[in-house]
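Undergrad: Everything below, folded, please.
(chains A and B)
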Amino acid sequence: MELIFGLDVLNSTIRLSTPLLLAALAGLYSERAGIVDIGLEGKMLGAAFAAGAAAFTFNSAWAGLFAGVAVSIMLSMLHGFASITARGNQIVSGVAINFVVAGVAILLGQKWFGLGGRTPQLHGVERFREITMPGSEALRDVPVIGWLYSGILSGHAVLVYMAFLAVPVTWWILYRTRFGLRLRALGENPAAVDTAGISVTWGRYRALVVCGLLCGMAGAYLALGLSAGFVKDMTAGKGFIALAALIFAKWKPVNVMFAALLFGYLEALGIRMQGKVLPLIGEVPVTMIQALPYVLTVVLLAGFIGKAIPPKASGIPYVKER
Amino acid sequence: MADQSSKMAPAIELSGISKSFGPVQANKDIDLVVEKGTIHGIIGENGAGKSTLMSILYGFYHADSGTIRINGKEIKIPDSQAAIAAGIGMVHQHFMLVQNFSVLENVILGAEGGAILNQGIALAKAELQRLEDDYALDVDIDALIEDLPVGLQQRVEILKALFRGADILILDEPTGVLTPAEADHLFRIFEQLRDQGKTIILITHKLREIMAITDDVSVMRRGEMVATRKTAETNVEELAKLMVGRSVLLRVDKKQATPGDEKLVVKNLTVKDDRGVVMVDDVSFTIRAGEIVGIAGVAGNGQSELMEAISGITKPESGTILLDGKPIDVNGSADPAILRERGMAHVPEDRHHVGLVLPFAEKENSILGYQGDSAYTSGLFLQMDAIEADAKEKIDQYDIRPPDPGLKAGNFSGGNQQKIVLSREMERDPVVLLIGQPTRGVDVGAIEFIHRRIIEMRDSGKAVLLVSVELDEIRSLADRTLVMFAGKIVGERGPDASEGELGLLMAGINDSEKAGVEA
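TA: Numbering: from 1, shown residues only, chains lettered A, B, ... in the order given. Reported below is the predicted structural model:
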């Protein structure tokens, strides 16, 4: 029990969920506006590299975050140019971004730092450090509340709190603002937006800026929060798990949070179970646990857990009909 | 009256509008004047350039040349925003609605009244209520679009335009999806709008609607504006002549049918769609050799599902089908290929997605479904020479233009695409011919040809099942007409049934006592 629901596991669930949550929310803005984003992985990786490099160079985590977000938004605009302006295939563009970033990051890393593609180890203010929430020490010994507040909620990097705050904010933007109304309409029927006299192109680019911003935060957290610097292939499929979480959550913000937490938990559990021998089972097959997010998503897509209906116009370039 | 209107600037004045798409000139030097507070019809065949002209007016396309005056003032309309600002609203043929949005959300989209929705919503609700009351346009503003029938969805489109302050409303083929009763209601709304000073442009290819509702009518033909008339001073024959440039036979000449043996027997057929909704509900009928049985009905009442089940594309829930006296294994081995071999030819309703492979050459399309036939293959390979010769023969017989078997199917006009499908299915000498929407999107010249071919098929002893949403087509071709409503056959009528009688049946109103359904 302690192994499965212990403080350690739950605490690292929060940490490991954060990049998934940020990336999945990024994908949500993009896909609800009708742009399929399979390039979350690449954008996150690019952002992680830029964050690691900039944080080291300028000796500041915030500079790292800024650089990560900037690179991610640039990549997002590239995707936008390919899929909105040039009306290209969105899957191809996304996959291309993933490949290009994986190569370029290591190339530049080697050229700049000569460490085989990684960025130098970050220390002190170069990283986002844990924030101890007020009163958490005092409450530590109070049963339940202390366990939850001091043990799990307190002691994370600022990006973790920003990620979870982004959930209600996204909900509010999506359902309570003009921007959100138009964004959702873009993903369902762009022609309705066009005939209402609003630019489809501009609307979709704006959604991709938000996507780039959140994805950049996800990447920066990987390099500056979870680790202390960028290493080769450090996203390790997190962009795809985030995409799976987005589908699992049926493109709804609050669901996205729960999906990210679930997948983050599975990851935390996988790490925790490494090399453990359980009675009856023997050595825990960690790869099985790691594969669960994908398995769950496939099961969902096969229609066993309700139906995941994507935004109707996603993936289709908007062309005025003749 | 004439005096008054001459003093008032016309609502719309177009002069010299031209527009080309590549080599195709969609609009040639068009002049049009629409007076304020009138209902102005624009009529023409499919592809005559009506929709293009209105899209220019709504800022969807840019005219290559020409000027637009609204209320006497010359303006430029670079985009839809500008058209809306000029007081123009448009209800498109395919509704521009977001299906999973509420009515309210759809109406305010693009006119939200502030960055945060709450600010505008209260005002929008009040304004919508006023519009609904003023124009008898009742809709539940919190309902989701996907839950509304098409008639109500159309009202939402009209509300959308009015909400944006439109004084000029353009409606593109608004009655295509409506029952006769719904269409009548729509016309009453038009009259109400006109009486309150709105100007309405009605684009249609249905002469009946022009005569019933418009004050003025302009006729377009092949991209040109050929005439404008006061509706009261013209008649159906003149308009039809103007539309096609020659007189057309609205009725097809045909002999009395001489029905022979039962060729297709459908008994208690029930079909569900993939959501599990019953689309065809316990339907039974018989078609004999040498007769055409028409199935009339508003689109979406189960005709498509009936066709798909009979042709073997989908499996019915229950029921039996006999083809040429022998049963079809509807739940087992019956698939379109086997049924074709047994003499069931099928001209599908949706030729773009089911009937043809648009990126394939004409000759390849002309053997689709029969590609395994020994005439076209030797061993593993297709006999391209034989296929080409065969295609050329069909092109000659069916006057398919351009006569190029190597041209992609997608590059033929609608009428010629339909001829490709018809030649493929008819030349197989079938026992039963299923035809869905034979003249949808087909020009008038080709319609005549297709109708004549269908009659010839009947006269050569085929059993023909004709499904069409065009009542005129059913009435001129069918020897017996079955009317489908909500999945059931609600009535059968002979060739002399009046339009009104069939219209009532199509709306599900079964007034007559003799509404016997043949078992």
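
Undergrad: I'd like to know how many residues surround the residue in chain B that chain A sits nearest to.
TA: Here chain B gets closest to chain A at one residue, B:G110, 2.9 Å apart by Cβ to the nearest Cβ. All C-beta spots, glycine's among them, are computed from the backbone N, C-alpha and C. Using other Cβ atoms under 10 Å in any protein chain shown, B:G110 has 23 other residues around it.

Undergrad: Is it part of a helix or strand, or is it coil?
TA: Secondary structure, DSSP: H, G, I helix; E, B strand; the rest coil: B:G110 is coil.

Undergrad: quick one: it and A:S199 touch, right?
TA: No. Applying Cβ atoms under 8 Å, one finds B:G110 not in contact with A:S199, separated by 10.5 Å.

Undergrad: What is the burial count for residue 171?
TA: Picking chain A for this. 16.

Undergrad: Chain B is the one I meant
TA: 24.

Undergrad: Likewise for A:S136?
TA: Neighbours around A:S136, by other Cβ under 10 Å: 16.

Undergrad: Could I get the contacting residues of it?
TA: A:Y149, A:S150, A:S154, A:G155 (Cβ atoms under 8 Å, 6 or more residues apart in numbering or on different chains).

Undergrad: near chain B, from those residues?
TA: Subset of these in contact with chain B: empty, counting by Cβ under 8 Å from any Cβ of the partner chain.

Undergrad: A:R127: which of the residues you listed is nearest?
TA: A:G155 (14.2 Å; Cβ to Cβ).

Undergrad: So which of the contacts of A:S136 are in helices?
TA: Using DSSP state H, no member of those falls within helices.

Undergrad: want to throw those residues into JSON lines with pLDDT and neighbour count?
TA: Below are these laid out as JSON lines (pLDDT from 0 to 100; neighbours: other Cβ atoms under 10 Å in any protein chain shown):
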{"residue": "A:Y149", "pLDDT": "85", "neighbour count": "16"}
{"residue": "A:S150", "pLDDT": "83", "neighbour count": "21"}
{"residue": "A:S154", "pLDDT": "86", "neighbour count": "20"}
{"residue": "A:G155", "pLDDT": "87", "neighbour count": "17"}
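
Undergrad: Of the residues you listed, which belong to strands?
TA: If you go by DSSP state E, the contacts of A:S136 have nothing in strands.

Undergrad: tell me which of those is nearest to A:L22?
TA: A:G155 (18.8 Å).

Undergrad: Tell me who's in contact with the residue nearest to the closest one when sequence neighbours are not counted.
TA: Excluding its sequence neighbours, the residue lying closest to A:G155 (Cβ to Cβ, 6 or more residues apart in numbering or on different chains) is A:E130, at 4.7 Å. Neighbour list for A:E130: A:G155, A:H156, A:A157 [criterion: Cβ under 8 Å, 6+ apart].

Undergrad: ok, the first one - contacts?
TA: By that I understand A:G155. A:G155 touches A:N11, A:E130, A:I131, A:T132, A:M133, A:S136, counting by Cβ under 8 Å, 6+ apart.

Undergrad: where does the chain dip in pLDDT?
TA: As the question left the chain open, I've gone with chain A. A:1-3, A:304-305, A:321-322 (pLDDT under 70).

Undergrad: switch to chain B, that's the one I care about
TA: For chain B, the ranges with pLDDT under 70 are B:1-7, B:22-23, B:46-47, B:244-251, B:275, B:444, B:510-519.

Undergrad: and if we set it to 50?
TA: Low-confidence segments of chain B (pLDDT under 50): B:1-6, B:247, B:249, B:512-519.

Undergrad: so which strand or helix has B:M220?
TA: strand B:216-221 (DSSP states H and E).

Undergrad: Give the next helix or strand downstream of that strand.
TA: Taking DSSP H and E, what comes next after strand B:216-221 is strand B:224-230.

Undergrad: looking just at contacts, which helices and strands does that next one meet?
TA: Counting by 3 or more Cβ pairs under 8 Å, 6 or more residues apart in numbering or on different chains; DSSP states H and E, the packing neighbours recorded for strand B:224-230 are strand B:24-34, strand B:216-221, helix B:236-244.

Undergrad: In a markdown table: those, plus distance to chain A and mean neighbour count.
TA: Compiled in a markdown table, the helices and strands packed on strand B:224-230 are given as follows (distance: least, Cβ to the nearest Cβ, whole Å; neighbours: other Cβ atoms under 10 Å in any protein chain shown):
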| stretch | distance to chain A | mean neighbour count |
| --- | --- | --- |
| strand B:24-34 | 9 | 18 |
| strand B:216-221 | 17 | 23 |
| helix B:236-244 | 21 | 17 |
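
Undergrad: Save the contacts of A:E130 as a markdown table, and put in distance to B:A446 too.
TA: Output for the contacts of A:E130, formatted as a markdown table (distance: Cβ to Cβ, whole Å):
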| residue | distance to B:A446 |
| --- | --- |
| A:G155 | 76 |
| A:H156 | 70 |
| A:A157 | 70 |
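
Undergrad: Closest to B:M8 out of those residues?
TA: Closest to B:M8, out of all of those and judged by Cβ to Cβ, is A:A157, at 70.0 Å.

Undergrad: roughly how far apart are that closest one and chain B?
TA: 31 Å (Cβ to the nearest Cβ, to the nearest Å).

Undergrad: So for the helix or strand harbouring A:Y175, what gets flagged as buried?
TA: If you go by DSSP H and E, A:Y175 is part of helix A:158-176. For helix A:158-176, the buried set under the neighbour-count rule, 16 or more other Cβ atoms under 10 Å in any protein chain shown, comprises A:V158, A:L159, A:V160, A:M162, A:A163, A:F164, A:A166, A:V167, A:T170, A:W171, A:I173, A:L174.

Undergrad: One more: stretch A:88-108?
TA: For stretch A:88-108, using 16+ other Cβ under 10 Å, the buried residues are A:Q90, A:S93, A:G94, A:A96, A:I97, A:N98, A:V101, A:A102, A:A105, A:I106.

Undergrad: picking that back up, separation between the residue nearest to A:G155 and chain B?
TA: Taking Cβ to the nearest Cβ, one finds A:E130 at 35 Å from chain B.

Undergrad: Quickly list the domain ranges of chain B.
TA: B:2-244, B:249-343+B:430-519, B:364-428 (automatic domain parsing).

Undergrad: In JSON lines: these, plus distance to A:P143.
TA: Output for these, formatted as JSON lines (distance: least, Cβ to Cβ, whole Å):
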{"stretch": "domain B:2-244", "distance to A:P143": "42"}
{"stretch": "domain B:249-343+B:430-519", "distance to A:P143": "51"}
{"stretch": "domain B:364-428", "distance to A:P143": "72"}
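
Undergrad: Which residues does the closest residue to B:T228 other than its chain neighbours form beta bridges with?
TA: Closest residue in space to B:T228, ignoring its immediate chain neighbours: B:S218 at 4.4 Å, by Cβ to Cβ, 6+ apart. Beta-bridge partners for B:S218, by DSSP bridges, are B:I42, B:T228.

Undergrad: Would you agree B:S218 is in contact with B:T231?
TA: No. Between B:S218 and B:T231 there is no contact under Cβ under 8 Å: 10.6 Å.

Undergrad: For chain B, what's its nearest residue on the stretch 101-250 of chain A.
TA: A:A196 (2.9 Å).

Undergrad: Excluding chain neighbours, what is closest to that residue?
TA: A:A196's closest residue in space is B:G110 (Cβ to Cβ, 6+ apart), at 2.9 Å.

Undergrad: List the contacts of the one you found.
TA: With Cβ under 8 Å, 6+ apart, B:G110 has these contacts: A:R182, A:V193, A:A196, A:G197, A:I198, B:I84, B:R164.

Undergrad: Now do the same contact list for the third one.
TA: Listed by Cβ under 8 Å, 6+ apart, the contact partners of A:A196 are B:S80, B:I84, B:M96, B:L109, B:G110, B:A111, B:K160.

Undergrad: ditto for A:L45
TA: A:N98, A:V101, A:A102, A:A105, A:G219, A:D233, A:M234, A:T235, A:G239.

Undergrad: Need the three-state assignment for the third one.
TA: For A:A102, the secondary-structure state derived from three-state DSSP is helix.

Undergrad: how distant is stretch B:402-419 from the center of its chain?
TA: Its chain's average C-alpha position is 20 Å from that of stretch B:402-419, according to Cα atoms, centre = their mean, to the nearest Å.
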